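Novice: could you work out the structure for the sequence below:
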Amino acid sequence: MCLIAILTAVAPLHAQGRVAGRLVRVVNGDTIAVGNLLVVLHRVGRRVQGPVDSMKTDGQGRFHFAFAPDTTSLFLLSARHDGIAYFSAAIAANPLKPDTALSIVVADTSSRQAVTVEGRHLAITNPEASGERRVIDILTVRNAGPFTRVAADTSQPTFVAGVPLGVEGVDLGGSDFSADAMAIRNDSLLVFAPIPPGTKSISLQYNIPSGSRRVTLPAGPAVDTMQFLLEERGLHVTGGVFVPAGVDSIEGRTFHKWKGTWDGRLSLAFELPGLAITPRRLLTILVISLGVLLLGGAGFALHRGTRRRATKVGPWSPNALIEQVARLDAKFLGRERELSSAEWEAYQTERGRLKQDLLRGMDS
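Specialist: Purely as a prediction, here's the structure:
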């Protein structure tokens, strides 16, 4: 049966932090007191952490703790049931304002308890100098209860979700589950920890390699609410239905948002805008290409018997013009779909003007 520890505050004592409550079992909507269950008070601080006190509930399921307040530490409660520990949210350490709304949920276990993905949010940055895009991928996993989901045996995961194919440097830190209880195998995220009733967050960070334009998320559990946040403006998705949902500002950076649902039956592919090569590599290619053009023009001039200098001095020298064209292309090339027609036309016009100046510079 499902056990729920409901903490109800009692009158605080002066100069001490206090918490008190009852442990009850919920059966068909009714609450029944549960006695003789151990409840532990924990302290989590930078320098000191560990159990502070413990007691068993009385015949009415009641317990109470007093502790010395410490603003540099967090305090929380735990109860262990069927070999699994369950923790409360943090307890207020202010003795004048005792926390009265805490609850711990403990439950029987089942390998058949359903676990769903309530939401999945991917934030994708602009390409860095290396051409890689950084991704933060957060999943909200929900167990609607009444049992804690456990695996049929220790070799089996309690939850599985897909990871985009071809991504690199996957980091599992920052999740509600310990990184030791999770693993990445091929294109799958595996969770081996018990999943109690309620919601849990799984946070992934990884890189999309330089030059990748199409990223595929393999079929997996359905997602009630799925969201992409992209610094670039163009996004094309197949396998799900997504619509623009405004913009979000994160740490001073603007992300364009798309929102939708995904039934998980088909793989989800999204195409990224921008250059398929890095701006640094593009600049190198353009300099080499325009250098060949410059050498070709010089050879033609020599063929006509006219002696000219390979480079001129001043802002309109071939080298300066080559650099201007390269910088212009690095900024606009490959972005036609995300730019307005006026912006794209202005880019084409300016590039044509610089090209003509370059050709005239070689003939003068």
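
Novice: which residue ranges make up each domain of the protein?
Specialist: Listed by automatic domain parsing, the domain ranges of the chain are 3-106, 116-271, 279-363.

Novice: can I get these in TSV including mean neighbour count and mean pLDDT?
Specialist: C-beta coordinates here come from the backbone N, C-alpha and C atoms, glycine included. What follows is the domains of the chain, written out as TSV (neighbours: other CB atoms under 10 Å; pLDDT from 0 to 100):
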stretch	mean neighbour count	mean pLDDT
domain 3-106	16	77
domain 116-271	17	90
domain 279-363	14	56
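
Novice: please export the C-alpha coordinates of the one helix or strand residue 227 maps to as CSV.
Specialist: Element membership for residue 227 (DSSP states H and E) is strand 223-230. C-alpha atoms of strand 223-230 as CSV (Å, rounded to 0.1, in the frame of the first residue of the first chain):
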residue,chain,number,x,y,z
VAL,A,223,6.2,13.9,-24.9
ASP,A,224,3.2,15.9,-23.7
THR,A,225,4.9,19.3,-24.2
MET,A,226,8.0,19.6,-26.3
GLN,A,227,9.8,22.8,-26.8
PHE,A,228,12.8,24.0,-28.9
LEU,A,229,14.7,27.2,-28.0
LEU,A,230,17.1,28.3,-30.7
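
Novice: that strand: what's the following helix or strand?
Specialist: Immediately after strand 223-230, counting by DSSP H and E, sits strand 236-238.

Novice: that following strand pairs with which strands?
Specialist: Strand 236-238 sits in its sheet next to strand 268-271 (antiparallel), going by DSSP bridges.

Novice: export the strand it pairs with to PDB, keeping only CA atoms.
Specialist: Backbone C-alpha positions of strand 268-271 (Å, rounded to 0.1, in the frame of the first residue of the first chain) are rendered in PDB as follows:
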ATOM      1  CA  LEU A 268      11.900  13.400 -34.800                       C
ATOM      2  CA  ALA A 269      14.300  15.200 -37.100                       C
ATOM      3  CA  PHE A 270      15.100  18.900 -37.000                       C
ATOM      4  CA  GLU A 271      17.100  20.900 -39.400                       C
END
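
Novice: and the contacts of it?
Specialist: With contact meaning CB atoms under 8 Å, 6 or more residues apart in numbering, strand 268-271 is reached by 213-217, 228, 235-240, 262.

Novice: was I right to think residue 89 contacts residue 105?
Specialist: No - if you go by CB atoms under 8 Å, residue 89 and residue 105 don't touch, sitting 11.1 Å apart.

Novice: distance of residue 76 relative to residue 223?
Specialist: Plainly put, residue 76 is 31 Å away from residue 223 if you go by CB to CB, to the nearest Å.

Novice: cool, residue 71 as well?
Specialist: 40 Å.

Novice: quick one: buried residues of stretch 107-115?
Specialist: Judged by neighbour count using 16 or more other CB atoms under 10 Å, the buried positions of stretch 107-115 are 107, 109, 113, 115.

Novice: chain center to the helix or strand where residue 161 lies, what's the gap?
Specialist: Secondary structure assigned from DSSP H and E places residue 161 in strand 159-162. Relative to the mean C-alpha coordinate of its chain, strand 159-162 is positioned 16 Å out (CA atoms, centre = their mean, to the nearest Å).

Novice: tell me the helix or strand right after it.
Specialist: Counting by DSSP H and E, what follows strand 159-162 is strand 168-171.

Novice: element containing the closest residue to residue 40 other than its chain neighbours?
Specialist: Leaving aside its sequence neighbours, residue 40 sits nearest to residue 54 (CB to CB, 6 or more residues apart in numbering; 4.4 Å). Using DSSP H and E, residue 54 maps to strand 49-56.

Novice: name every strand pairing with that strand and say which way it goes.
Specialist: Sheet pairing for strand 49-56, assigned by DSSP bridges, gives strand 38-45 (antiparallel).

Novice: quick check: angle from the helix or strand encompassing residue 19 to strand 49-56?
Specialist: Per DSSP H and E: residue 19 is located in strand 17-27. In terms of direction (axes from the mean of the first three to the mean of the last three CA atoms, to 10 degrees), strand 17-27 departs from strand 49-56 by 60 degrees.

Novice: tell me the strands beside the next helix or strand after strand 17-27, with direction?
Specialist: Counting by DSSP H and E, the element after strand 17-27 in chain order, helix or strand, is strand 30-33. With DSSP bridges as the test, strand 30-33 is paired with strand 17-27 (antiparallel).

Novice: list the contacts of stretch 143-157.
Specialist: With CB under 8 Å, 6+ apart as the test, stretch 143-157 has contacts from 2, 82, 84, 107-111, 113-116, 158-159, 190-192, 194-200.

Novice: of those, which belong to strands?
Specialist: Among the contacts of stretch 143-157, the residues falling in strands (DSSP state E) are 84, 109, 110, 116, 159, 190, 191, 198, 199, 200.
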